[in-house]
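J.: structure of the sequence below:
(2 chains)
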Amino acid sequence: MLELSNVSKRYGDRLALDQVSFTVGDGRLTGFVGGNGAGKTTTMRIILGVLAADGGSVMLGGAPITAADRRRFGYMPEERGLYPKMKVLEQTVYLARLHGWTPAAAHRNALELLERLGLGERTNDTIESLSLGNQQRAQIAAALVHKPEVLVLDEPFSGLDPMAVETVQGVLADVAAAGSPVLFSSHQLDIVERLCDDLVIIAGGRIAAAGPGDALRTEHGSERWELLTAGDAGWLRRQPGIEVVEFDGGWAVFEAESDAARQATLAEAVTRGEVVSFTREHTTLAQIFKEVVR
Amino acid sequence: MSTVADTERRTPSFVDSVSLIAGREITMRLRSKAFLISTGVLMLAVLASVVLGSIFGTQTETTKVAVIGGATAVVDGNDALEAVPAADEAAAEQLLREGEVDAIVAPAASLRQAQDGADPLGITVIGLDSPPTDVAQALSVQPTIELLEPAAVDPTLAYLVAFGFGIVFFMSALTFGTTIAQSVVEEKQTRVVEILLSTVTARALLTGKVIGNSLLAFGQILAIAALAILGLVLTGQRVLLGGLGSSVIWFIVFFAIGFVMLAALFAATAAMVSRAEDIGSVTTPVTMLVMIPYFLVIFFNDNPTVLAIMSYVPFSAPVGMPMRVFLGTAEWWEPFVSLAILLATTALAVLIGERIYRNSLLKTGARVPLGEALRG
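T.: Next up, the predicted model:
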């Protein structure tokens, strides 16, 4: 388990991270979301030891992280980059060897991974000759080639085509399934929502919310109901015990004070005409995000 | 967590990381066409200068003279003159007038009567329109000459050696210094440095770069030295070689350490910028440190005071001290003292360099101010 407690970082006068604490459980895919400049990249850099924190601690399995631990981390920085003039395979093998793999094993791992990422044909091409999408795949290979036991990925999905997104999702799920903590940030909230077990939401250098996705939904998402009727639903505004959130012709989203008020509303709708659908609205991550960041 | 067989993976030591990084630097450089071509050109230039030196050095001009009769004995055995036998005076005179020979050497009594018979050599040298002084000199008898204060080294040779040390140091330090600077900025500009820093320490990265490029520079110097020595031996210029011996060894020792110092400084200053275009301006102070000794040694190689100072200032010691060893003006202990100063300065430069390097690597965008790079 990866655990941050009270991590702070100051850039000059600006407090970039303020007492940041959260955990990334073993085998849990944890999504890290927050606006631009909220502190995601700084947090990840501190976890990797690329940047030193001004205060607080980062622990792995209950002990402070050592340089040796970090060699078993897979890291994908926000600012992408590899050696432009090195060949794909050569570069991937080099990074695996820097992490301590023997040349033969590094070579085998790299070939296997590049094949899986769809770069099997391009192993002898230089990075600079690849398309942007393929460079992104090579970048993912660079983060995973040493079979990391902890993954920290900054925006791993940005710039990927849908096929590559799927491949990377699969790889992340595999790593998590093997019992490793996986932390990744993304602006694509739908992917985070679909993929993640746990969520960490950061805003203005503070953790706004953290925990399992379901728990956050219960905690921050208010219960909403979506009604679609054949006629005009304007009468909803005068219905007691409910509050209309959104409204458009025969379609409306409302919050109910009680189950009875909700049932009464449905009964009223049926008497007034045809009800096309009546569903409980799923609280999206985007809604939770807006709610906690506000 | 998954565990992996320890035979395939182990925590790499500092040395492991450094050798991998140095290995990459060397491989990538050796693959670069620009590097191979420039090295080839440099080697050819060295070879050419040795061969040309041998041609101009060994060629002593011989003057053709027509000899008549008994004069042959005088001209034969004289290296500076080439005898063209002439049957008689008329034939010799014709050769002279046609420009086939520069002078006629005749027995004193043959053409014109020696006046009063007072000719100690028994020959007469005849020219066409001006006195053939070179022939006269070749045939002259010289007294034994002894100097009370002989110059230890021929000044021309001293200049050549100074120029040699200067240019080799200047070229290598500048070439490989720039290479290091480019390699640092490349990693920063392409952002690969963040991945590297999550794996290895800034110190390992810097050390690997410095060692990799130092080995290349050193290899190039050795190749040049080997080529020069081979050339000198093959062209029979062993005399020059003997005098150079110990100064060349000192040069190599000083160069090796001095280069590490310069490499650390080049790497550190380059780390402060994020774009290849800015390398030139940010490394200018270090470039000056390389250029100044080069000009000093060329202009002041005959000035003992300047050379003495140069031989102790760390940045010019790699050129200054071997020069003094060559001239024989350094006591046996002096190179060791200078070397100690150089070592201490190098250690300091590496420490400061590492600090600047570590503090600047992740700061992309505008140039990092020196104060900020030092403070962190």
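
J.: just the mean pLDDT for stretch B:269-283, thanks.
T.: The average pLDDT for stretch B:269-283 rounds to 90.

J.: from start to finish, how long is that stretch in a straight line?
T.: From its first residue to its last, stretch B:269-283 covers 6 Å (C-alpha to C-alpha, to the nearest Å).

J.: what does it rub up against?
T.: The contact list for stretch B:269-283 (C-beta atoms under 8 Å, 6 or more residues apart in numbering or on different chains) reads B:177-178, B:180-182, B:184-186, B:188-189, B:266, B:285-286, B:356-357, B:360-361, B:363-368, B:370, B:373. Just so you know, the C-beta spots here come from the backbone N, C-alpha and C atoms, and that holds for glycine as well.

J.: would you mind checking those residues for buried ones?
T.: B:177-178, B:180-182, B:184-186, B:188-189, B:266, B:286, B:356-357, B:360-361, B:363-364, B:368, B:373 (16 or more other C-beta atoms under 10 Å in any protein chain shown).

J.: can you give me the buried ones in stretch B:40-47?
T.: Buried-residue list, stretch B:40-47, by 16+ other C-beta under 10 Å: B:Leu42, B:Met43, B:Val46.

J.: please enumerate the helices of chain A.
T.: A:40-48, A:67-70, A:88-98, A:103-116, A:132-144, A:162-177, A:189-195, A:213-220, A:259-272, A:285-293 (DSSP state H).

J.: remind me what the helix or strand of chain B with the lowest mean pLDDT packs against, helices and strands.
T.: Within chain B, judged by mean pLDDT, DSSP states H and E, the helix or strand with the poorest mean is helix B:72-75; its value is a mean of 76. Using 3 or more C-beta pairs under 8 Å, 6 or more residues apart in numbering or on different chains; DSSP states H and E, the elements in contact with helix B:72-75 are strand B:63-68, strand B:81-86.

J.: tell me which residues touch B:Gly231, please.
T.: Here B:Gly231 is in contact with B:Val46, B:Leu47, B:Val50, B:Val51, B:Ser54 (C-beta under 8 Å, 6+ apart).

J.: how about the residues of the stretch 51-200 of chain B near chain A?
T.: Applying C-beta under 8 Å from any C-beta of the partner chain, we find that the stretch 51-200 of chain B lies next to chain A at B:186-187, B:190-200.

J.: of the residues you listed, buried ones?
T.: Buried among those (16+ other C-beta under 10 Å): B:186-187, B:190-200.

J.: spatially central residue for chain B, please.
T.: Taking C-alpha atoms, centre = their mean, the centroid of chain B lies closest to B:Gly164, which sits 2.6 Å from it.

J.: name the helix or strand for that residue, please.
T.: Using DSSP states H and E, the element containing B:Gly164 is helix B:155-189.

J.: show me how far the least confident helix or strand of chain B is from its chain's centre.
T.: 45 Å (C-alpha atoms, centre = their mean, to the nearest Å).

J.: cool, and stretch B:14-34?
T.: 26 Å.

J.: got it, and stretch A:159-166?
T.: Distance, centroid of stretch A:159-166 to centroid of chain: 15 Å (C-alpha atoms, centre = their mean).

J.: give me phi/psi at the residue of the stretch 51-200 of chain A found nearest chain B?
T.: Closest contact between the stretch 51-200 of chain A and chain B, by C-beta to the nearest C-beta, is at A:Gly81 (3.1 Å). Main-chain dihedrals, A:Gly81, degrees, to the nearest 10: phi 170, psi 140.

J.: now do the SS call for the residue of the stretch 251-376 of chain B found nearest chain A.
T.: For the stretch 251-376 of chain B, the residue closest to chain A is B:Leu362, as judged by C-beta to the nearest C-beta, at 6.6 Å. Look at B:Leu362: counting by DSSP: H, G, I helix; E, B strand; the rest coil, its state is coil.

J.: the spatially closest residue to B:Leu343 that is not a sequence neighbour: which element?
T.: Distance criterion C-beta to C-beta, 6 or more residues apart in numbering or on different chains; nearest residue to B:Leu343, sequence neighbours excluded, is B:Ile257 at 6.1 Å. Using DSSP H and E, B:Ile257 sits within helix B:238-271.

J.: got the buried residues for the very next helix or strand once past that helix?
T.: Moving toward the C-terminus from helix B:238-271, the next helix or strand (DSSP H and E) is helix B:279-299. Applying a neighbour-count criterion of 16+ other C-beta under 10 Å, one finds B:Ile279, B:Val282, B:Thr283, B:Val286, B:Thr287, B:Leu289, B:Val290, B:Pro293, B:Tyr294, B:Leu296, B:Val297, B:Ile298 buried in helix B:279-299.

J.: quick one: average pLDDT of stretch A:30-46?
T.: Per-residue scores along stretch A:30-46 average to 91.

J.: return it as CSV; C-alpha atoms alone will do.
T.: The C-alpha trace of stretch A:30-46 is given here as CSV (Å, rounded to 0.1, in the frame of the first residue of the first chain):
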residue,chain,number,x,y,z
THR,A,30,-6.9,4.6,-8.0
GLY,A,31,-7.9,7.6,-10.1
PHE,A,32,-6.4,10.9,-9.3
VAL,A,33,-8.4,13.8,-10.6
GLY,A,34,-8.2,17.6,-10.2
GLY,A,35,-8.2,20.7,-12.3
ASN,A,36,-5.1,22.2,-14.0
GLY,A,37,-2.6,23.3,-11.4
ALA,A,38,-4.4,21.5,-8.6
GLY,A,39,-1.2,19.7,-7.6
LYS,A,40,-1.5,16.3,-9.3
THR,A,41,1.9,16.4,-11.1
THR,A,42,3.7,17.8,-8.0
THR,A,43,2.2,15.0,-5.9
MET,A,44,3.3,12.3,-8.4
ARG,A,45,6.7,13.8,-8.7
ILE,A,46,7.1,13.6,-4.9
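
J.: can you state the direction angle for the one helix or strand B:Gly219 maps to and helix B:155-189?
T.: According to DSSP H and E, B:Gly219 maps onto helix B:202-234. Per axes from the mean of the first three to the mean of the last three C-alpha atoms, to 10 degrees, the angle that helix B:202-234 makes with helix B:155-189 is 150 degrees.

J.: let me know the average pLDDT across helix B:202-234.
T.: 86.

J.: list the buried residues in it.
T.: B:202, B:204-218, B:220-221, B:224-225, B:227-228, B:231-232.

J.: which element follows the host helix or strand of B:Gly353 toward the C-terminus?
T.: Using DSSP H and E, B:Gly353 sits within helix B:334-360. Sequence-wise, the next helix or strand downstream of helix B:334-360 (DSSP H and E) is helix B:370-375.

J.: run the chain-centre distance for that next one.
T.: 37 Å.

J.: and the contacts of B:Gly231, which is closest to B:Ser338?
T.: Using C-beta to C-beta, B:Val46 comes nearest to B:Ser338 of the contacts of B:Gly231, at 26.6 Å.

J.: I'd like to know which elements the helix or strand the closest one falls within is packed against.
T.: Using DSSP H and E, B:Val46 sits in helix B:33-58. When contacts are defined as 3+ C-beta pairs under 8 Å, 6+ apart, helix B:33-58 sits against helix B:155-189, helix B:202-234.

J.: between the longest one and helix B:33-58, how big is the angle?
T.: For helix B:155-189 against helix B:33-58, the angle by the same axes, to 10 degrees is 180 degrees.

J.: do the same with the last one
T.: On the basis of the same axes, to 10 degrees, helix B:202-234 is oriented at 30 degrees to helix B:33-58.

J.: quick one: distance of helix B:202-234 to the chain centre.
T.: 14 Å.

J.: which SSE is the closest residue to B:Ala86 other than its chain neighbours in?
T.: Ranked by C-beta to C-beta, 6+ apart and with sequence neighbours excluded, the top spatial neighbour of B:Ala86 is B:Ala92, at 3.7 Å. Element membership of B:Ala92, judged by DSSP H and E, is helix B:89-97.

J.: how far off centre is the helix or strand just after that helix?
T.: Downstream of helix B:89-97, the next assigned helix or strand under DSSP H and E is strand B:103-107. On the basis of C-alpha atoms, centre = their mean, strand B:103-107 sits 47 Å off its chain's mean C-alpha point.
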